[in-house]
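# predicted coordinates and the sequence they were generated for:
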Amino acid sequence: MTVTLAVIMIELTGGLTYIIPIIIAVMIAKWLGDCLCTNSIYEEYIQLRKYPYLSDKEEYSANYTVGEVLDIRGGYRNLVWISATESTVICIQELIERYNYWGFPVVLTHESRILLGYVTKLDLKQAMYDAWAESREIRVDTQVYFVEVRAEQQQYVQILDFSKIVDKAQFQVTRGVPMHNVVKMFQKIGLRQVLVTECGKAEGILSKKDVVEHVIQVSKKFG
């Protein structure tokens, strides 16, 4: 690579007279860069800007589990979910305006926390926009269901059916899964987040940013 770069520089400048100084300068710059860091300039810039990037070359050998990492980050106490049968228009609007999240887990009820799927904030906003455009009778207390609404349920009360925007095929892991496996999943598949469950109940979300921050903390701790 060093010789190739020197040849390219010579061809661009047309300066065959300075071939020796160019080769020496390129080699010194290469050696100096290798001494200062092992990553490419692009990877160093990504880390400097704190982008959620997880390199395939990143090795993870710590013995943490998903549950341990989730507890460190607050667990389900910091989880914001949507109830599939207990939500209203005003509740959905407050979620959209208050939280700057990519999306929200959908649970059967707030008490049960049975996970049904995941809905992105973009799909949620579009569904709300379409609902307002289709009907002027929608009020702030109109019920919003994220499960299929039967015809007889619509006889006496208006219910918005948002079941079609629920993603039921999100990646899920349990608390006992080793973090080594989860890191590999993010590296190989390019996931944005995984949902953490236990006995079918929502426990939390590990986003790519969470995983990257954990890997960096582990590498600093164990060298």
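Received, thanks.

# for the rest of this, base every contact and every neighbour count on C-alpha atoms.
Fine.

# okay, now residue 148: neighbour count?
Neighbourhood size, residue 148 [other C-alpha atoms under 10 Å]: 12.

# helix or strand for it, which one?
Element membership for residue 148, per DSSP states H and E: none, as it lies in no helix or strand.

# check what pLDDT it gets.
pLDDT, residue 148: 89.

# wait, what's in contact with it?
The contact partners of residue 148, taken as C-alpha atoms under 8 Å, 6 or more residues apart in numbering, are 161-163.

# where along the chain do the helices fall?
Remark: helices assigned in the chain by DSSP state H are 2-13, 19-36, 41-49, 66-72, 89-98, 121-134, 179-189, 208-222.

# please name the nearest non-neighbouring residue to the residue most central in space within the chain.
In the chain, the residue lying closest to the centroid (C-alpha atoms, centre = their mean) is residue 192, at 3.1 Å. When the adjacent residues along the chain are set aside, residue 192 lies closest to residue 208, with 5.4 Å between them (C-alpha to C-alpha, 6 or more residues apart in numbering).

# residue 46 now?
The nearest residue in space to residue 46 (C-alpha to C-alpha, 6+ apart) is residue 53, at 7.1 Å.

# of the helices of the chain, which is nearest residue 145?
helix 89-98 (10.0 Å; C-alpha to C-alpha).

# circling back to that earlier point, highest neighbour count among the contacts of residue 148?
Among the contacts of residue 148, residue 162 has the most neighbours (other C-alpha under 10 Å), with 20 neighbours.
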